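**Student:** using only what follows, build the 3D model:
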Amino acid sequence: MRIIISGCPIAKKRPRFVRRGNGVITYNPQETEEGKWLLMAKGQVDRVLQGPVRMECYFIFERPKSHFGTGRNSGEIKASAPEHHIQKPDIDNLVKFVKDCLNGVAYRDDCQIIRSLSEKMWGSEQRTVVEVEEI
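**Tutor:** So this is what the prediction gives:
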């Protein structure tokens, strides 16, 4: 099954803690982002996989304007622009967000994932592409 989510890929954030009286409350600062992402993904998921799962995640980011030339070379990528996306967000946080969102939707639990491949790259349109297959 192939899931394509338009927009900037989202990385998992750490839980936050707030002191209330004598106790501490933990909350997830990404509940709305997860909900929106999941809403887009649910329409593309045909069933919940039960066995071992292979997952491939591709995170495509748009190049910033600074990677392109100016004037006559406005559509050309500069020679000094990096070939690979080697900046934040970290790939493991991107994958964690995807795995957590698809938990219980594309597969019962993320412990079913026995093979995983992930890649960050530059592209013309920002999106997240996830391929999930039962082995």
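**Student:** make it CA atoms for all contacts and neighbour counts henceforth
**Tutor:** Will do.
**Student:** and the helices in the chain?
**Tutor:** Ranges of helices within the chain are 31-42, 91-102, based on DSSP state H.
**Student:** now stretch 96-104: mean pLDDT?
**Tutor:** Across stretch 96-104, pLDDT averages out at 91.
**Student:** list the buried residues of stretch 7-21.
**Tutor:** 9-12 (16 or more other CA atoms under 10 Å).
**Student:** count of neighbours near the residue lying closest to residue 83 once chain neighbours are set aside?
**Tutor:** Leaving aside its sequence neighbours, residue 83 sits nearest to residue 122 (CA to CA, 6 or more residues apart in numbering; 8.0 Å). Residue 122: 16 surrounding residues under other CA atoms under 10 Å.
**Student:** what's near enough to touch residue 122?
**Tutor:** Residues in contact with residue 122 (CA atoms under 8 Å, 6 or more residues apart in numbering) are 60-63, 83-85.
**Student:** in CSV, list the helices of the chain along with mean neighbour count and distance to residue 114.
**Tutor:** Shown next, in CSV, are these (neighbours: other CA atoms under 10 Å; distance: least, CA to CA, whole Å):
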stretch, mean neighbour count, distance to residue 114
helix 31-42, 14, 21
helix 91-102, 19, 12
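**Student:** follow-up on the earlier one: quick check: beta-bridge partners of the residue nearest to residue 83?
**Tutor:** residue 61 (DSSP bridges).
**Student:** check contacts around residue 78.
**Tutor:** 67-69.
**Student:** what do you get for residue 46?
**Tutor:** By CA under 8 Å, 6+ apart, the contact list for residue 46 reads 1, 106.
**Student:** returning to what we had before: so for residue 24, which of the helices of the chain sits nearest?
**Tutor:** helix 31-42 (18.9 Å; CA to CA).
**Student:** many thanks, we can stop here.
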